[in-house]
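Visitor: Predicted model, plus sequence, below.
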Amino acid sequence: MTTNPQSGRRTFAHRLYTGEFEFEFVGNRNRWYTISAIVLLISVLAIPLRGLNLSIDFVGGSVFQAPVQVTSSTIDDFARAATNSGVP
């Protein structure tokens, strides 16, 4: 993996591994600042535009759903069952 037998040149992976590859991170800092600012702006704008999905984990409580015909007696039955279940 040290050299490419066809051209005699060292591969990118070898130059990266041996430390021969150079990239000027500090010299390109304005580019990184711009990219970071764009990503941050998109993230901040996504909250008011898309809204937050406050699911049961953040709202709190429990959700029980059952397909029934609702009458006043069924509401009392469900309330009694929930109270007697011992679930806080």
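Guide: The structure has been received and is ready for your questions.

Visitor: Poorly predicted segments of the chain, please.
Guide: Counting by pLDDT under 70, the chain has low-confidence residues at 1-8, 56-61, 88.

Visitor: pull the longest helix from it.
Guide: Using DSSP state H to define each element, the chain has its longest helix at helix 29-50.

Visitor: Give me the contact list for it.
Guide: Defining contact as Cβ atoms under 8 Å, 6 or more residues apart in numbering, one finds that helix 29-50 is touched by residue 25. C-betas here are computed from N, CA, C, even on glycine.

Visitor: Distance from that helix to the middle of the chain?
Guide: With Cα atoms, centre = their mean, to the nearest Å as the basis, helix 29-50 stands 15 Å off its chain's centre.

Visitor: How about stretch 27-47?
Guide: 17 Å.

Visitor: I'd like the numbering to begin with 19 instead of 1 from here.
Guide: Noted, 19 is the first residue going forward, which turns the last one into stretch 45-65.

Visitor: Can I get that stretch as CSV, trimmed to CA atoms?
Guide: Provided in CSV are the C-alpha atoms of stretch 45-65 (Å, rounded to 0.1, in the frame of the first residue of the first chain):
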residue,chain,number,x,y,z
GLY,A,45,-6.1,29.3,6.5
ASN,A,46,-9.5,28.3,5.5
ARG,A,47,-11.2,29.2,8.8
ASN,A,48,-13.5,31.8,7.2
ARG,A,49,-14.9,29.0,5.0
TRP,A,50,-15.5,26.8,8.1
TYR,A,51,-17.1,29.8,9.9
THR,A,52,-19.5,30.3,7.0
ILE,A,53,-20.4,26.6,6.8
SER,A,54,-21.0,26.5,10.6
ALA,A,55,-23.1,29.7,10.4
ILE,A,56,-25.3,28.3,7.6
VAL,A,57,-25.9,25.0,9.4
LEU,A,58,-26.7,26.9,12.7
LEU,A,59,-29.1,29.2,10.9
ILE,A,60,-30.9,26.3,9.2
SER,A,61,-31.2,24.6,12.6
VAL,A,62,-32.5,27.7,14.4
LEU,A,63,-35.0,28.4,11.6
ALA,A,64,-36.3,24.9,11.5
ILE,A,65,-37.7,25.1,15.0
